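Q: Need a 3D model of the following:
(one chain, ligands or ions: 1)
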Amino acid sequence: MAIVGGEGAWFETKDQGRWLDFGSLSYQANLGHGQKRIAEAIKAQCDELLLTVPSGLYPAKTALANALLAKAPPGFTKVFFTLGGSEAVENALKIARLVTGRHKTISRYRSYHGATMGALALSGDYRRPVLEPVGVGAVHVLDCYESRLPGGATTIEGGGSAESIARTMELEGPRTIAALFVEPVPGQNGCLVPPGGYWDGLRAACDAHGTLLVADCVLNGFGRLGTYYGFESLGSASPDLITVSKGITGGYAPLGAVLVHERVAKHFDDHVLYAGLTFYGHPLGVAAGLEALRIYEEERLISRAAELGRAFAASLASLQDRHPESLPRTRARGLLGAFELAVDDARFAAITKAMNDARLYVHVNKHFKTIVLAPPLVATEADLREGFARLERVLDGAR
Ligand SMILES: Cc1ncc(COP(=O)(O)O)c(C=O)c1O
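A: Numbering: from 1, shown residues only. A predicted model of the protein is given here:
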């Protein structure tokens, strides 16, 4: 697809006309299309400074680190910059190994943590087995999520629980797991919203085993779930490390980061952090990130995502109730949502083609016959209505 531009929740292509973006491209375009302010900030940075060293300090870098920490729970004091999400996860893994002296990790099957070998070892989904062996010590556990059934009842699925993760920690050998890596709400694997108490239960399991809790907020961060980093929408527990990318610049430049709690960071007061990247904190990504954070703040986009999320969830529920046979399960949190399609392969292919023909951009997960929705935070109520109207027409046409 040759994207040539766009505005708000819409993007233009060279040969396929105008699409309604119900996926925020690769989940990074939280700020929508055509954000001129970020382009201007990048241009201004070009005039000011482009070349630095990884350890170099300059005003925008310090300001961005402080702005990220200001939104994190109390006690987060350090930021490690990267170029994207996989590198953020990779460096969180290194930090966890160096601090605990352990190498094993736990993560869930229906998860994606990135494409580099360490992050892929943590990932549980279909992208890992084809490349195995990818790393030692990565233990995978079952998921735990709550789905809505037609009519409004809910069911807890996945086969796992916070207790079963605690049990896995014991069975792997008490106090042998460096870190538990979790996306608060797994995104690409189908918006798997856990039931109440799960997130705080993960914290308790980690505390009992001296294991670090890593919240992979690469996709969940910056308002996607209606809160700043995402995990705040699940409970009160604070992680030890937070990985971010994608929405940190709204996708306008490559950037990622690991936010580090002081209880972890203090280890490096007298130990070397064996990690480094030539383009660590590069001024182009940093300038884009700093301006993006200003836009989230000034346009109150995080709280707006929570408000829009209520209408979004209601629209998804009513779509399900009008198509109860083909949509047996839906899930939503903030401006992330998903529906499972109970149709055969041919109808699944026809439905996804019809969505393309309707110029509605969504994420198709063939492995779970699930469609994931993630409109930009700047989408208008009319954009959301239009997206659900297109979905309705596609599903009506496929009856
Ligand atoms: C939760 C999560 N972690 C990590 C990554 C990897 O990020 P990147 O593609 O920027 O390397 C992704 C990408 O989709 C992701 O969704």
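Q: and the residue of the protein nearest the ligand?
A: Gly85 (2.2 Å; C-beta to the nearest ligand atom). Where you see a C-beta, it was placed from the backbone N, CA and C, and this is true even at glycine.
Q: tell me, how many neighbours does that residue end up with?
A: For Gly85, the count of nearby residues is 31 (other C-beta atoms under 10 Å).
Q: who in the chain is up against the ligand?
A: With C-beta under 6 Å from any ligand atom as the criterion, the chain meets the ligand at residues 84-86, 89, 112-115, 183, 187-188, 216, 218-219, 245.
Q: for the residue nearest to the spatial centre of the chain, helix, strand, or coil?
A: Nearest to the mean C-alpha position of the chain, by C-alpha atoms, centre = their mean, lies Leu219 at 1.4 Å. Following DSSP: H, G, I helix; E, B strand; the rest coil, Leu219 is assigned to coil.
Q: and what of Pro328?
A: Pro328 ends up coil, using three-state DSSP.
Q: which residue packs closest to it, ignoring adjacent ones?
A: Spatially, and ignoring its direct neighbours in sequence, Pro328 is nearest to Ala342 (4.9 Å; C-beta to C-beta, 6 or more residues apart in numbering).
Q: Assumed that neighbour was part of a strand.
A: No. Using three-state DSSP, the secondary structure at Ala342 is coil, not a strand.
Q: Ile351 versus that one, what's the distance?
A: 11 Å (C-beta to C-beta, to the nearest Å).
Q: Looking at these two, which has the bigger crowd around it?
A: Shown here are Ala342 and Ile351; by other C-beta under 10 Å, Ile351 has more neighbours (20 against 15).
Q: In contact with that one, which residues?
A: Leu341, Val343, Val394, Leu395, Ala398 (C-beta atoms under 8 Å, 6 or more residues apart in numbering).
Q: Same check on Val53?
A: Val53 neighbours (C-beta under 8 Å, 6+ apart): none.
Q: Distance of it relative to Glu297?
A: 30 Å.
Q: quick one on the thing from earlier: go ahead and confirm the residue nearest to the centre of the chain touches Tyr27.
A: Yes. With contact defined as C-beta atoms under 8 Å, Leu219 reaches Tyr27; the gap is 4.9 Å.
Q: so what sits against both of the two?
A: Gly187, Gln188, Lys246.
Q: Show me the shaky parts of the stretch 51-200 of the chain.
A: The stretch 51-200 of the chain contains no residues with pLDDT under 70.
Q: residue boundaries of the helices in it?
A: 59-70, 85-100, 117-122, 162-171, 198-209 (DSSP state H, counting those that start in this stretch).
Q: Check the contacts of Ile351 and tell me the two furthest apart.
A: Val343 and Val394 (11.9 Å; C-beta to C-beta).
Q: between those two, who's got more neighbours?
A: Neighbour count, other C-beta under 10 Å: between Val343 and Val394, Val394 has more, with 21 against 17.
Q: Contact partners for that one?
A: Val394 touches Ile351, Ala354, Met355, Ala358, Leu360, counting by C-beta under 8 Å, 6+ apart.
Q: Surely the fourth one touches Phe388?
A: No. In this structure Ala358 lies outside contact range of Phe388 using C-beta under 8 Å: 11.7 Å.
Q: tell me the strands in the stretch 251-399 of the chain, going along the chain?
A: Ranges of strands in the stretch 251-399 of the chain, per DSSP state E, counting those that start in this stretch, are 256-261, 330-333, 336-340, 360-361, 363-365, 370-373.
Q: Pull the residues that contact the shortest one.
A: Contacts of strand 360-361 from elsewhere in the structure, counted by C-beta under 8 Å, 6+ apart, are Phe11, Trp19, Leu20, Asp21, Phe22, Gly23, Leu25, Gly387, Arg390, Leu391, Val394.
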